[in-house]
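> Can you look at this prediction? I've put the sequence above it.
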Amino acid sequence: MGALIADVVILTNIPKVLSYSIPEGVSPKVGCRVAAPVRKATRIGVIIDIHEGTQINQGLKDLICVLDESPFITSELIELITWTSRYYHAGIGPSMALAFPPYLREGRTITIDKDPVLFRTNRIHTKTGPHQKAILDSIPDTGIRLSVLKCRIPGMAGKMKGLLNRGLIELKEEPSSYVSSCSPTPGYTPDQQMAVQEINKAIKAQRFHTYLLHGITGSGKTEVYLATALEVLRHGKSVLYMVPEIALTPQTIDMVKSRIPVEVAVFHSGLSPKDRAKEFMKVAQGGVNFILGTRSAIFSPLKELGLIIVDEEHDHSYKQDDGIPYNARDLSILRARNNQAVVILGSATPSMETYQRSRLSHSSLITMPNRIGPAALPTIEIVDMRGVEGPLSERLIMEMNHTVSRGEQVLLFINRRGFSAAMVCPGCGKVLKCKRCDRSLTYHKAKSLGLCHWCGFTMKLPEICPLCGCLDMKPIGMGTEQVIASVEKTCADKRLLRMDSDEITSATKLTTALDAIRAGNVDIIVGTQMIGKGHDFPNLTLVGVIYTEQLLHMPDFRSLERTFQQIVQVAGRAGRRKADTKVIIQTLIPDHPLIHSISRYDYLSMIEMEQEIRKATGFPPFSHMARCVITSAKDKTAREFCAQIASVVKIQGVEVLGPAPAPISLLRNRNRWHIILRSKNRGSLHKALDIIEQVRCPQEADLKIDVDPYSMM
Ligand code: ADP
Ligand code: ZN
């Protein structure tokens, strides 16, 4: 019998699993991090298997040391990661790295701070400032965890010291199972009751099941998530609650923490590397079994998983663009199946994939067609913009004036920042383009610049057309700046707020802006998708959608579905508390069937229309798809390699579209070519990708494989 052997995945770009012998006297476990020699360097890796050595393992190097006493990740997670690596044709090393916060990938360790509980003392308080009073008022008789209070009252640490010094509050160590008191549950509506009952059946039976919770905006989906999460916790199991990046605001965190009676770990990219590692450690050590997080939380080391919630499941932020192009929503289904757990995919506008899947076995569709309370969905009015000058119709201006005069708020939504989509010469038709990206430069009037929204390149605008010398370059298309300019002209006395990524450049600015809206210091908001989703503004009663069909013209087979989702989400921002609210949709294609579906919030007619199109054209979900993008500084290299990989795929049932220049054929000075592979059979598609991976990629080129792609650009 030989020594024990550890199979190790190194957390870098090494594609293979490496084996090492385990030195005498050391007894590591699967899931522990180790330091191991790789060529002449020391690297950090994770043990994925331990077995007895045989003849072929002779002469292996020893592990240098084991970093963790108990494993960080379970076999279940190792299985998920191995699957991810195979499915997305990505290296096992980078895939494994997804499961670790960056701080821990480098081999560091971290100790978790204590989280004491804050109590009020019996001492009578005389003079306290407003901030100190707010803190005192937020402490229930049963006490509150410091971390929870910090989340509710940002920046409270300084004020708290004064209260401690005066003996008005005290801190006590409490076991990690301590639970602060929670806000009570509201009485459920019949829709909510039915949904909770249905989902709880699968939770009680502890069997894998997927629910599509299709509930209109404001139908109270969150209460269904919370109620079912509590049921799972009662069964001693853990919960993963995922939200889109844009929705993980302090308000969301606070709301969840105030309703869940156990400690909640929060996973998102806004945390400092150390705080991320701390949240991770709490979960890995088994002290926390509720996670609220964004996409990457799908790889978190929760044990005994009972429920995964994917809120706004149609949101594209669940798909990673760079690095490994995994989709956390899709992985949630796989992970739940491996754990006999339940998945809730919630949305007002479900993705076509999820809708289609809800008809399969182990899946059900639950609908919640009513809004909570008296607030009905806003009425939608279509305004034909053909022949109208400027971004605002008379109808919209009139409604804006009425709304503001009633003391209510208006949101104008436009899907592009800047002043116009492009600058064009009326003489020769030349469009000003980015030198590095072959995309038109967006005109930013305030800075008098052309800006590339893809790479950030800026250029001072020429006074004359560089091609024909014509004096009069004209802006075409529109963006936030132009809408703002127009509002300033027509509604000069109103208080305006611009919300796009030019204006809102930090989380603090976002919080300030959202607070200003809630405090009623704003009459009209002009914003991009930054403001289009998730937020709840009680006093917002009019939404104007400007250039509704903009997304529809993108070269993307999902453009119709995406337009519907985007507009219905934006419409859902209005009238979440009040009756009699309105959405005005300005469009150049008022007769398009899509606009008809939007005007009636008719998800089913949209999805049926779209299904027919996708069936006829063979796009997902009626086929499986992958995209290979080749980039190179030299166009010829990219083109030739693309042609080469297109020619090697000769598998029955796999269709190759291309080679063709990608819609963005030049990005940051790299030329881009692509092919798209489609097949009815997933296995055949993966076989084709395996073959492509075998072709040697020239040094000056890069090949990126994207399975189930979202971006076609
Ligand atoms: P959705 O996520 O479906 O758009 P939310 O979960 O945000 O809707 O709920 C909309 C609003 O209704 C929230 O302000 C929520 O607090 C409130 N709400 C939800 N359920 C109830 C209920 N049963 N009784 C009263 N208010 C509720
Ligand atoms: Zn560019």
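Yep, it's here. Ligands and ions are numbered 1, 2, ... in the order given.

> contacts and neighbour counts: CA atoms only from here.
Noted.

> partner residues bridging residue 238?
Under the criterion DSSP bridges, residue 238 forms beta bridges with residue 305.

> Can you report how many residues lie near it?
22 (other C-alpha atoms under 10 Å).

> In contact with it, which residues?
Under the criterion of C-alpha atoms under 8 Å, 6 or more residues apart in numbering, the contact list for residue 238 reads 232, 289, 290, 302, 303, 304, 305, 306, 307.

> you'd agree residue 388 is in a strand?
No - using DSSP: H, G, I helix; E, B strand; the rest coil, the assignment for residue 388 is coil, not a strand.

> So it versus ligand 1, what's the distance?
Taking C-alpha to the nearest ligand atom, to the nearest Å as the criterion, residue 388 is separated from ligand 1 by 34 Å.

> again, but for residue 703
Between residue 703 and ligand 1 the distance is 40 Å, computed by C-alpha to the nearest ligand atom.

> looking at it, that residue is touching residue 637, isn't it?
No - counting by C-alpha atoms under 8 Å, residue 703 sits too far from residue 637 to count as a contact (11.6 Å).

> got the buried residues for the one helix or strand residue 203 maps to?
Using DSSP states H and E, the secondary-structure element containing residue 203 is helix 190-205. The neighbour-count check on helix 190-205 (16 or more other C-alpha atoms under 10 Å) flags 191, 192, 194, 195, 196, 199, 200, 202, 203 as buried.

> Briefly note if that helix comes near ligand 1.
No - applying C-alpha under 6 Å from any ligand atom, one finds that helix 190-205 is not in contact with ligand 1, the shortest distance being 7.1 Å.

> Report the mean per-residue pLDDT for that helix.
Confidence over helix 190-205 (mean pLDDT, whole number) is 96.

> Name the residues that touch it?
Looking at helix 190-205 with C-alpha under 8 Å, 6+ apart, the contacting residues turn out to be 208-209, 211, 220-221, 223-224, 227-228, 231-232, 235, 306-307, 341-342, 366, 368, 370.

> So which of the residues you listed reach ligand 1?
Filtering the contacts of helix 190-205 for neighbours of ligand 1 using C-alpha under 6 Å from any ligand atom leaves 220, 221, 223.

> Which secondary structure element is home to the residue lying closest to residue 621 once chain neighbours are set aside?
Once flanking residues are discounted, residue 621 sits nearest to residue 353: 5.6 Å by C-alpha to C-alpha, 6 or more residues apart in numbering. Taking DSSP H and E as the criterion, residue 353 maps to helix 352-357.

> any idea how far that helix is from the chain center?
18 Å (C-alpha atoms, centre = their mean, to the nearest Å).

> just the angle between the helix or strand that comes right after it and helix 190-205, please?
Moving toward the C-terminus from helix 352-357, the first helix or strand encountered (DSSP H and E) is strand 363-368. Using axes from the mean of the first three to the mean of the last three C-alpha atoms, to 10 degrees, the inter-axis angle of strand 363-368 relative to helix 190-205 is 150 degrees.

> Report the mean per-residue pLDDT for strand 363-368.
Computed over strand 363-368, the mean pLDDT rounds to 96.

> what pairs with that strand, and is each one parallel or antiparallel?
In its sheet, strand 363-368 lies beside strand 209-215 (parallel), with partners assigned from DSSP bridges.

> what comes into contact with the partner strand?
Outside strand 209-215, the residues that touch it by C-alpha under 8 Å, 6+ apart are 199, 202, 221, 333, 337, 340-350, 354-355, 358, 362-370.

> Please list only the buried members of the residues you listed.
Among the contacts of strand 209-215, those classed as buried by 16+ other C-alpha under 10 Å are 199, 202, 221, 333, 337, 340-350, 354-355, 358, 363-368, 370.

> Quick check: which of these are also close to ligand 2?
When C-alpha under 5 Å from the ion is taken as the criterion, no member of the buried ones among the contacts of strand 209-215 contacts ligand 2.

> near ligand 2, which residues of the chain show up?
Within the chain, the positions lying close to ligand 2 (C-alpha under 5 Å from the ion) are 434, 436, 437, 452, 455.

> Need the buried ones from those selected in PyMOL.
Applied in PyMOL, the following selects the buried portion of those according to 16+ other C-alpha under 10 Å:
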select buried, resi 434+436+437+452
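
> on that earlier part again, for ChimeraX, write a command that selects the buried ones of the contacts of residue 238.
ChimeraX command restricting those to the buried ones, with burial defined by 16+ other C-alpha under 10 Å:
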select :232,289,290,302,303,304,305,306,307
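
> how near is residue 542 to ligand 2?
In this structure, residue 542 and ligand 2 are 36 Å apart, going by C-alpha to the ion, to the nearest Å.

> scratch that, residue 505
Between residue 505 and ligand 2 the computed distance is 20 Å (C-alpha to the ion).

> same check, this time on residue 519
Plainly put, residue 519 is 39 Å away from ligand 2 if you go by C-alpha to the ion.

> State the pLDDT value of that residue.
92.

> separation between it and residue 330?
39 Å (C-alpha to C-alpha, to the nearest Å).

> Which residue of these two possesses the greater neighbour count?
More neighbours surround residue 330 than the other of residue 519 and residue 330, with 16 against 11 (other C-alpha under 10 Å).

> Check the secondary structure at the more buried one for me.
Assigned with three-state DSSP, residue 330 falls in the helix class.

> Pick out the residue of the stretch 301-450 of the chain closest to ligand 2.
The stretch 301-450 of the chain approaches ligand 2 most closely through residue 437 (4.1 Å), counting by C-alpha to the ion.

> Does residue 637 belong to a helix, a strand or coil?
Relying on three-state DSSP, one would call residue 637 helix.

> how many neighbours does it have?
Number of residues near residue 637 (other C-alpha under 10 Å) recorded here: 21.

> which residues touch it?
Applying C-alpha under 8 Å, 6+ apart, we find residue 637 in contact with 698, 700, 701.

> Averaged pLDDT, stretch 341-350. What do you get?
Mean predicted lDDT for stretch 341-350 stands at 97.

> ok, residues contacting it?
Stretch 341-350 is touched from outside by 202-203, 206-217, 221, 225, 305-314, 332-333, 336, 564-565, 568-569, 603, with contacts defined as C-alpha under 8 Å, 6+ apart.

> try 6 Å this time
207-217, 306-314, 565 (C-alpha atoms under 6 Å, 6 or more residues apart in numbering).

> Give me the phi and psi angles of the residue nearest the centre of the chain.
Compute the mean C-alpha point of the chain, and by C-alpha atoms, centre = their mean the closest residue is residue 317, 2.8 Å away. With angles defined as degrees, to the nearest 10, residue 317 sits at phi -70, psi -10.

> now swap in residue 84 and tell me
Dihedral angles of residue 84 (phi, psi; degrees, to the nearest 10) stand at phi -60, psi -40.

> Leaving out sequence neighbours, find the closest residue to it.
Once its chain neighbours are removed from consideration, residue 84 has its nearest residue in residue 95; the separation is 7.0 Å (C-alpha to C-alpha, 6+ apart).

> what about that neighbour, which helix or strand?
Assigned by DSSP H and E, residue 95 falls in helix 92-97.

> Following that helix in sequence, what is the next regular element?
On the C-terminal side of helix 92-97, the nearest following helix or strand under DSSP H and E is helix 102-105.

> residues of that next one that come out buried?
The neighbour-count check on helix 102-105 (16+ other C-alpha under 10 Å) flags 103, 104, 105 as buried.

> And stretch 491-502, end to end?
Terminal-residue distance, stretch 491-502 (C-alpha to C-alpha): 23 Å.

> do stretch 23-41 as well
From its first residue to its last, stretch 23-41 covers 19 Å (C-alpha to C-alpha).

> what does stretch 694-701 give?
Distance across stretch 694-701, first residue to last, is 15 Å (C-alpha to C-alpha).

> Thanks a lot, catch you later.
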